[in-house]
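Visitor: with the sequence up front, the predicted model follows.
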Amino acid sequence: MIDVIEKLRKLPTTAISDALGGLYHLDQAIKPLKEEWKVAGKACTVKLRAADNKMLLQAMREAEEGDVLVIDARGYTYNAICGDFMVELAKVLGIAGLVIDGAVRDVQGIKAVDLPVFCRGITVAASDKAGSGEVNVPISCAGAAVHPGDLIVGDADGVVVIPQEKVEAVLAKAQEKVQKDLEREAKVLASREAAIAYLDKALGS
C-alpha cells in the first residue's frame, strides 16, 4: 500500500478525478493553506460537533503513521478545529496531513510547521473540548463520502477520495491519463501547424 500511495502522490488530482469519472471529490472550497502542498494517505476519519475538537485528539492517538486525518466539522467556520500546536503535534506523530471541512487558526504558524492542511477557511476563535464526536466511522466531508481506509489525495486543485475497492483500477487509469496527456502535448504543441490541425479536428473542420 505504501508503494501505491507514493505513486498516487506523484499524480495530479485532476487525473485521479478523471479516473473516478469526476466523482468522489470534496467541495472546491477545501484548499491547501499553501498552494504547493500535496497530501496522500489512508483516511482516518473524524466526526465533530461544531466548535468541539476533543475527538481530533482521539483521532491523533488512534491514527497510524502516514494516515490523513479527514475531519467532518460540518463546514462550520466560526471556531477553529485546530491551530499550529495541534498541527505540529500531528506532524510529530507521523500523520501525513489534515483535511478539514471547517476552519483553522494560527495560519502563519501552521505554514511554518509545513504539514499539509486543507480546510474551508481561517478564523481566530478556538474550539472547546466537550468530547462530542466519533473516530474512524463513515463520514460525509465537504459533500463526499469517506470511509476509514479510503485513500485521500490532495493538491492545489482540491481533494479526491478513492474508495478502497477502486484503488488499483483508479491508479492505472490515472497513470494512463497522464501518459496520454504528455503524448498529446508533445504532438499538438510542437508547432503552430500541429496546434491548428488539432483544433480543426476537434472542431470537425
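Guide: Alright, I've got the coordinates. Residues are numbered from 1 along each chain as shown.
Visitor: may I see the buried residues of the top helix by length along the chain?
Guide: If you go by DSSP state H, the chain has its longest helix at helix 167-188. Neighbour counts using 16 or more other Cβ atoms under 10 Å place 167, 170-171, 173-175, 177-178, 188 of helix 167-188 among the buried residues. Heads up, the C-betas are built off the backbone N, CA and C, glycines and all.
Visitor: remind me what it packs against, helices and strands.
Guide: Applying 3 or more Cβ pairs under 8 Å, 6 or more residues apart in numbering; DSSP states H and E, one finds that helix 167-188 contacts helix 2-9, helix 13-19, helix 192-202.
Visitor: give me that answer again for 6 Å
Guide: With contacts taken as 3 or more Cβ pairs under 6 Å, 6 or more residues apart in numbering; DSSP states H and E, helix 167-188 sits against helix 13-19, helix 192-202.
Visitor: nearest to Glu134, out of the buried residues of helix 167-188: which one, please.
Guide: Nearest to Glu134 among those: Val167, at 24.3 Å, using Cβ to Cβ.
Visitor: where are the low-confidence patches of the chain?
Guide: Within the chain, no range satisfies pLDDT under 70.
Visitor: so how far is stretch 85-98 off the chain centroid?
Guide: 15 Å (Cα atoms, centre = their mean, to the nearest Å).
Visitor: convert that stretch to PDB, retaining C-alpha atoms only.
Guide: Output of stretch 85-98 as PDB, limited to C-alpha atoms (Å, rounded to 0.1, in the frame of the first residue of the first chain):
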ATOM      1  CA  PHE A  85       0.200  23.400  18.100                       C
ATOM      2  CA  MET A  86      -2.200  20.600  17.200                       C
ATOM      3  CA  VAL A  87      -0.900  20.600  13.600                       C
ATOM      4  CA  GLU A  88       2.700  20.300  14.900                       C
ATOM      5  CA  LEU A  89       1.500  17.500  17.300                       C
ATOM      6  CA  ALA A  90       0.100  15.700  14.300                       C
ATOM      7  CA  LYS A  91       3.400  16.100  12.500                       C
ATOM      8  CA  VAL A  92       5.400  14.600  15.400                       C
ATOM      9  CA  LEU A  93       3.100  11.600  15.400                       C
ATOM     10  CA  GLY A  94       3.800  11.000  11.700                       C
ATOM     11  CA  ILE A  95       0.400  12.000  10.400                       C
ATOM     12  CA  ALA A  96       0.600  12.900   6.600                       C
ATOM     13  CA  GLY A  97      -1.800  15.800   6.700                       C
ATOM     14  CA  LEU A  98      -5.200  17.100   7.700                       C
END
